[in-house]
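[1] sequence plus predicted model, see below.
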Amino acid sequence: MGHSSSKPTAINEHSIDEPSLKTSSYRDRMKNKLQHLHRRTTHDDFAGIALLTLISAEMQFKDKWLACISLGEQTFRTNTSHQTDKPVWNSEKKFLLEKNGAHIAKLSVFETNRISKNTLVGYCEIDLFESLSRVSDSDIEVLELLDPSSSDVVVGKISISCSVQDPIEIEKSFARRILSIVDYNDDGTLSFSELSELVNAFGNQLAAEKKEEIFKAADKDGDGVVSMDELATLLAVQQEEEPLINCCPVCGEKLEMSDKLNSVIHMSLCFDEGTGNQVMTGGFLTDTEASYGWMFKLSEWAHVSSYDVGLNSGSSASHIVVFDRQKKRLVQEIIDGKIILSMRAIYQSKVGLGIMDKGAKEILQNLSEKQGKKMSSVESAEDIPAFLKFFKDQINLAEVKYPLDHFKTFNEFFIRELKPGARPIACAGRDEVAVCAADCRLMAFRTAEESLRFWIKGKKFSIQGLLGNIPCSNAFIDGTLVIFRLAPQDYHRFHFPVSGTIEEIVDIPGSLYTVNPIAVNSKYCNVFTENKRAVSIISTADFGKVALVAIGATMVGSITFTKKKGDYVEKGDEFGYFSFGGSTVICVFEKDSIALDEDLLANSARSLETLVTVGMQLGVSVKKRADLQLPDINNCVLGA
C-alpha cells in the first residue's frame with residue numbers, strides 16, 4: 001500500500017536538470033520538483049512523493065460522511081464523520097509518484113446512511129503533478145465537489161492540502177525512526193552496541209561485518225557515541241551505496257537492490273502504514289469498494305463474494321473491476337446485482353447452460369426482439385432519466401451531439417452521436433498506427449491461444465469458428481486478437497481501427513448470449529462463436545487483411561452498418577452501431593502484422609480489462625515500426 005506503481009502508458013518526458021544541493025527553501029523545492037530531481041535519485045521514473053491531506057468539506061445537508069482517495073490501483077478512505085454538514089477528517093496519505101505512472105487522484109465523498117452501500121454525493125479530481133508545482137500563498141486548496149449525475153452541478157466543497165516530500169529528508173527521517181528503536185536511554189545518541197544490535201536484527205551478514213567501519217565513519221570526534229542526525233545521514237547514504245536492509249522490516253517484501261532510493265522510500269511509506277501514523281484506511285481497489293457498508297463487509301468475510309482485479313471479478317465474483325487507461329486507475333463497472341446473480345446462475349453452471357439448450361436461446365431471441373421494439377417506441381423516452389441516474393458518473397452528456405430533448409425514443413439516445421472532436425484520433429494521418437474501435441473494456445492478446453489462457457474459457461473457441469466460412473479465414477490463424485466489449489452505458493457506435501478498403505461484410509446467424517465477462521469466462525458456452533455476428537474484412541497497406549467482427553448480444557436488436565462493401569475508409573471513421581444492450585467488436589490481425597501497446601497486453605495478461613475510448617492508440621504496424629519514431633502516446637489519446 002502506498003508504494004505500488006502503475007505504468008500503463010507513456011506520458012510527456014520532462015527534461016531533468018541537475019539541481020544545486022543547497023536549495024534555498026522547502027517552497028523552492030516544491031516549485032521545482034518536477035524539473036529538478038536530486039542528483040542521487042537513481043530511479044529514472046521517480047517524480048516525487050506527495051502528501052495529500054483531506055482536511056474537511058462543506059456539504060448541502062447534514063449526514064455522516066466519509067471520503068476516499070483513489071490513485072492508480074489503490075484507494076484509501078477516511079473515518080466516518082459525526083452527523084454534520086461540515087465534516088472534518090484531517091486524514092493524510094503519502095503517494096510515491098512516477099513520471100509514467102498514475103497522477104490524477106479522484107476524491108469522492110459519500111453519505112453513510114445506508115446499511116449495505118453508501119451513496120456517492122460528490123467528487124472531484126486533482127492532478128498531483130500540477131498541484132505540486134503550483135505556486136500558492138496557502139497550503140490549503142478548496143475544490144468544488146461535482147454531482148456524479150451532472151458534472152456541471154456543484155454539491156459542495158472539499159478542503160485539501162497537497163505538498164511534496166523531499167526524498168532526502170524522507171531518507172533521513174526513516175533512518176532516525178529506525179535508529180530510535182534502539183536508543184534505549186532516549187538521549188538522542190547511539191553507542192556502537194546499540195547500532196550493532198540493530199544491524200544484527202536486519203540479518204544482513206555483509207553489513208554486520210562492516211558495522212564497525214560504518215560507526216567509525218559517523219563518530220567524527222571519536223567519543224564513542226554519535227548523534228542521531230549524524231548517523232541517520234550516514235545510513236541514508238549507506239543504503240544507496242551498500243544497503244544494510246535487504247527486506248522491508250514492516251511488510252517483509254524483498255527490496256530491489258538496483259533501486260536504492262525507492263527502497264528507502266518504500267520502507268518509509270510502509271512504516272507509516274505499519275505504525276498507524278496515517279489516518280486513512282487502505283487495501284481497497286476502488287472508491288466503490290471502500291464505501292460499502294457493513295453488510296458487504298460481512299459477505300466478504302463469509303466469502304460470499306470476492307473483490308479483486310482480474311478473472312475472478314468477471315467469472316466467479318459479483319464485481320467487475322477494469323483499469324481506466326486515461327485516468328490510470330481502477331474503476332468498478334456498474335451493473336445491477338440481480339442481473340449479475342442471474343448471469344452467474346445461467347452461465348457458470350452446467351445446469352444453467354442445460355436450460356439454455358432446452359429452449360432458453362429462443363426465449364432470449366424473442367425477448368431481445370420485443371425489447372428492441374419497446375425501446376424504439378415513443379413511450380421508451382421516459383426511461384432515459386432513470387438510465388442516466390443509474391449510470392450517473394459514467395455518461396458524459398457534455399460530449400453528446402444533441403440535447404436530451406432531441407431524442408424521441410430510448411434507442412435514439414442509446415445510439416447517440418458525439419460532438420465532433422469528442423474522440424481525437426491518435427496519430428491522425430499515420431495509417432501505420434492502429435486505434436481503438438469503440439468506447440469499451442478492451443482485452444488484447446498476441447494470439448488466440450493467449451486469449452484462451454487468460455480470458456475466453458469456452459472450450460470450442462477458435463479463430464476459424466469466430467470468422468465462419470469466409471474465404472480468407474486461414475490468413476488469421478495464430479493472428480493477434482483484440483476484444484472491444486461495450487457496456488450499456490457506453491457510446492454504442494463502433495469505428496474503424498485501421499485505414500483500408502472494405503472487401504466484404506458477411507452475416508452469420510446465431511444465439512444472443514450476453515457478452516458480459518461472466519459468460520465469456522464460462523467454460524460451458526462459446527459466446528463469440530455461437531452468437532449472431534457480422535464479419536467484415538478490411539484490406540490495408542500497413543497491416544495486410546484485418547477482420548472486424550460485430551457481435552450481437554442479449555437485448556441487442558440489430559447491428560447497423562453505416563459503410564458498405566467497397567468503401568475506402570480512414571481509421572477512426574464510423575462503421576456502424578448497436579441498438580439497445582451491451583455488445584462486442586472483435587478485431588483480428590494477421591500473424592506478426594501489429595505490435596500492440598504494452599500496457600494493453602500487460603493488463604490482459606492479468607485478466608484485467610482496460611477502459612478505453614474510440615481513437616486511443618492500439619498498436620503499430622510491425623513492418624513499419626523499425627522506421628517509425630512514435631509520438632508521445634498520451635498526446636494522442638488524452639483530452640477526449
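    Received it, and whenever you're ready, just let me know what you need.

[2] what distance do you get for Lys401 to Ala218?
    69 Å (Cβ to Cβ, to the nearest Å). The C-beta positions use only the backbone N, C-alpha and C, and glycine is treated the same way.

[3] between those two, which has more neighbouring residues?
    Taking neighbours as other Cβ atoms under 10 Å, Lys401 and Ala218 compare with Ala218 leading, 18 against 11.

[4] pLDDT value on the more buried one, please?
    Looking at Ala218, its pLDDT reads 79.

[5] pairing partners for the strand ranked longest in the chain, with directions?
    Longest strand of the chain, by residue count under DSSP state E: strand 150-165. Under the criterion DSSP bridges, strand 150-165 sits next to strand 46-59 (antiparallel), strand 140-147 (antiparallel) in its sheet.

[6] got a list of contacts for that strand?
    Strand 150-165 is contacted by residues 29-30, 33, 48-60, 67, 94, 107, 109, 121-122, 124, 126, 128, 131-132, 139-147, 396-398 when judged by Cβ atoms under 8 Å, 6 or more residues apart in numbering.

[7] now do it, average pLDDT.
    pLDDT averaged over strand 150-165 gives 88.

[8] only alpha carbons, please: show that strand as CSV.
    Coordinates of each C-alpha in strand 150-165 appear next as CSV, following Å, rounded to 0.1, in the frame of the first residue of the first chain:
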residue,chain,number,x,y,z
SER,A,150,-24.2,16.1,-13.8
SER,A,151,-20.7,17.3,-13.8
ASP,A,152,-21.8,21.0,-14.1
VAL,A,153,-23.7,20.9,-10.8
VAL,A,154,-21.7,21.7,-7.6
VAL,A,155,-22.9,19.9,-4.5
GLY,A,156,-20.2,21.0,-2.0
LYS,A,157,-16.6,21.9,-1.4
ILE,A,158,-13.6,20.0,0.0
SER,A,159,-10.5,21.4,1.6
ILE,A,160,-7.3,19.6,0.9
SER,A,161,-3.5,20.1,1.3
CYS,A,162,-1.0,18.8,-1.1
SER,A,163,2.7,19.1,-0.6
VAL,A,164,5.9,17.5,-2.0
GLN,A,165,8.0,15.4,0.4
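
[9] any regions of the stretch 451-600 of the chain where pLDDT drops low?
    Low-confidence segments of the stretch 451-600 of the chain (pLDDT under 70): 457-459, 512-525, 553-557, 581-582.

[10] now the helices: where do they sit in it?
    Secondary structure of the stretch 451-600 of the chain (DSSP state H, counting those that start in this stretch): helices at 463-467, 517-520, 527-530, 598-605.

[11] would TSV of those with mean neighbour count and distance to Gly510 be doable?
    Below are the helices of the stretch 451-600 of the chain laid out as TSV (neighbours: other Cβ atoms under 10 Å; distance: least, Cβ to Cβ, whole Å):
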stretch	mean neighbour count	distance to Gly510
helix 463-467	20	11
helix 517-520	26	14
helix 527-530	23	5
helix 598-605	20	25
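
[12] okay, now the domains of this protein?
    Recorded structural domains for the chain (assignment: the TED database) are 48-165, 168-246, 433-621.

[13] quick check: phi and psi on Cys427?
    phi 50, psi 50 (degrees, to the nearest 10).

[14] can you give me the distance of the nearest residue to it once chain neighbours are set aside to Leu596?
    Nearest residue to Cys427 in three dimensions, chain neighbours excluded: Val433, at 4.1 Å (Cβ to Cβ, 6 or more residues apart in numbering). For Val433, the distance to Leu596 (Cβ to Cβ) stands at 12 Å.

[15] please say which of these two ends up with more neighbours.
    Set side by side, Val433 and Leu596 show more neighbours around Val433, with 28 against 20, by other Cβ under 10 Å.

[16] right, and the more buried one touches Ala426 too?
    Yes - Val433 is in contact with Ala426 according to Cβ atoms under 8 Å; the separation is 6.1 Å.

[17] elements contacting the helix or strand following the longest strand of the chain?
    Remark: after strand 150-165, the chain's next helix or strand is helix 167-180, criterion DSSP states H and E. Based on contacts counted as 3 or more Cβ pairs under 8 Å, 6 or more residues apart in numbering; DSSP states H and E, the elements that helix 167-180 packs against are strand 46-59, helix 192-202, helix 228-241, helix 260-275.

[18] try it again with 10 Å
    Contacts defined by 3 or more Cβ pairs under 10 Å, 6 or more residues apart in numbering; DSSP states H and E place helix 167-180 against helix 26-31, strand 46-59, strand 88-98, strand 189-191, helix 192-202, helix 228-241, helix 260-275.

[19] between it and strand 88-98, how big is the angle?
    110 degrees (axes from the mean of the first three to the mean of the last three Cα atoms, to 10 degrees).

[20] okay, the angle between helix 167-180 and helix 192-202?
    Using the same axes, to 10 degrees: helix 167-180 against helix 192-202 is 100 degrees.

[21] ramachandran coordinates for Lys220?
    The phi/psi pair for Lys220 (degrees, to the nearest 10) is phi -60, psi -40.

[22] could you find the closest non-adjacent residue to it?
    In space, Lys220 is closest to Glu230, 7.3 Å off (Cβ to Cβ, 6+ apart).

[23] and Thr288, that's in a helix?
    Yes - counting by DSSP: H, G, I helix; E, B strand; the rest coil, Thr288 is located in a helix.

[24] most tightly surrounded among the strands paired with strand 150-165?
    Stretch with highest mean neighbour count among these: strand 46-59 (a mean of 21; mean count of other Cβ atoms under 10 Å).

[25] the following helix or strand past it: partners in the sheet, and parallel or antiparallel?
    On the C-terminal side of strand 46-59, the closest following helix or strand by DSSP H and E is strand 65-71. Sheet pairing of strand 65-71 (DSSP bridges) gives strand 74-77 (antiparallel), strand 104-111 (antiparallel).

[26] now strand 65-71 - C-alpha only, PDB.
    Output in PDB follows, covering the C-alpha atoms of strand 65-71 (Å, rounded to 0.1, in the frame of the first residue of the first chain):
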ATOM      1  CA  TRP A  65     -19.700  11.400   5.800                       C
ATOM      2  CA  LEU A  66     -16.600   9.500   4.600                       C
ATOM      3  CA  ALA A  67     -14.200  10.500   1.900                       C
ATOM      4  CA  CYS A  68     -11.900   8.400  -0.400                       C
ATOM      5  CA  ILE A  69      -8.800   9.000  -2.400                       C
ATOM      6  CA  SER A  70      -8.200   6.800  -5.400                       C
ATOM      7  CA  LEU A  71      -4.900   6.800  -7.300                       C
END
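
[27] coming back round to it: would you single out the least confident of the strands paired with strand 150-165?
    Among these, strand 46-59 scores lowest, with a mean of 87.

[28] tell me how many other residues crowd Asp490.
    Neighbour tally, Asp490, other Cβ under 10 Å: 23.

[29] list the contacts of it.
    391, 394-395, 414, 438-441, 484, 578, 582-583, 611, 613-614 (Cβ atoms under 10 Å, 6 or more residues apart in numbering).
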